[in-house]
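Peer 1: Please find the sequence and the predicted model below.
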Amino acid sequence: QVVARFNRLRQEQRGLASKAAELELELNEHSLVIETLREVDPTRKCYRMVGGILVERTVKEVLPALENNKEQIGKIIETLNQQLQAKGRELNEFREKHNIRLLGEDDPKQPPKEGPEAAKGSSAGVLVS
C-alpha cells in the first residue's frame, strides 16, 4: 500500500508537470501570435479556431480575446506550479515518513558500506524503482 501510494503521488506530480509544460508552450504560441497581430492593420481579416470551427474575424476583434486567453493561461500556470510545489513537499514528507529510497539512491543517514557487509544489504525502508 505504501509503495502504491508513493507511485500514485509521483504520477500525480508528473501529470501536473506535464500539464504545466503544455500550457507554457501554449502561452508562448499566444505571445507569438499577439506580437505578429499587433503589427497588422486592425481591419484585416484573420481566422480563429473556436470549438473546432474556423471563424472569420478581424484583427481588432481577435487581439483582445487572445490577450485575455494569454492572461488566463498565465494564471493557470501559476496555480499549477503552486500545486506542483505542494505535491513535491507532500511526496518528500511521505518518503521521509516511510523511509522510501529510490533505486540508485544512497541512504543519506548511513555511511557507505564496504566489504562483505555491503553485499548483504539492509531490509530497512522501502526501495522503489
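Peer 2: Received the coordinates, thanks. Just so you know, these numbers come straight off a predicted model, no measurement behind them. Residues are numbered from 1 along each chain as shown.
Peer 1: only C-alpha atoms for contact and neighbour calcs from this point on.
Peer 2: OK.
Peer 1: To what extent is the residue nearest to residue 24 when sequence neighbours are not counted buried, counted in neighbours?
Peer 2: In space, and not counting its chain neighbours, residue 24 is closest to residue 77: 7.3 Å by C-alpha to C-alpha, 6 or more residues apart in numbering. Neighbourhood size, residue 77 [other C-alpha atoms under 10 Å]: 21.
Peer 1: so what secondary structure elements neighbour the lengthiest helix in the chain?
Peer 2: Secondary structure assigned by DSSP state H gives helix 59-98 as the longest helix of the chain. Secondary-structure packing of helix 59-98 (3 or more C-alpha pairs under 8 Å, 6 or more residues apart in numbering; DSSP states H and E): helix 2-38, strand 45-50.
Peer 1: Which one, of these, ends up nearest to residue 91?
Peer 2: helix 2-38 (6.4 Å; C-alpha to C-alpha).
Peer 1: Quick test: name the residue nearest the centre of the chain.
Peer 2: With distances taken as C-alpha atoms, centre = their mean, residue 17 lies nearest the centre of the chain, 1.4 Å away.
Peer 1: What about the residue lying closest to that one once chain neighbours are set aside, how many residues nearby?
Peer 2: Computed as C-alpha to C-alpha, 6+ apart, the closest residue to residue 17 that is not its neighbour in sequence is residue 84, at 6.8 Å. Residue 84: 19 surrounding residues under other C-alpha under 10 Å.
Peer 1: Over to residue 85?
Peer 2: Residue 85 has 15 nearby residues by other C-alpha under 10 Å.
Peer 1: now residue 54
Peer 2: For residue 54, the neighbour count with other C-alpha under 10 Å is 10.
Peer 1: try the one 3 residues further on
Peer 2: Using other C-alpha under 10 Å, residue 57 has 14 other residues around it.
Peer 1: Could you do residue 95 as well?
Peer 2: As a burial measure, residue 95 scores 18 neighbours (other C-alpha under 10 Å).
Peer 1: Output the helices and strands packed on helix 59-98 as JSON lines; include the columns distance to residue 99.
Peer 2: Formatted as JSON lines, the helices and strands packed on helix 59-98 follow (distance: least, C-alpha to C-alpha, whole Å):
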{"stretch": "helix 2-38", "distance to residue 99": "10"}
{"stretch": "strand 45-50", "distance to residue 99": "50"}
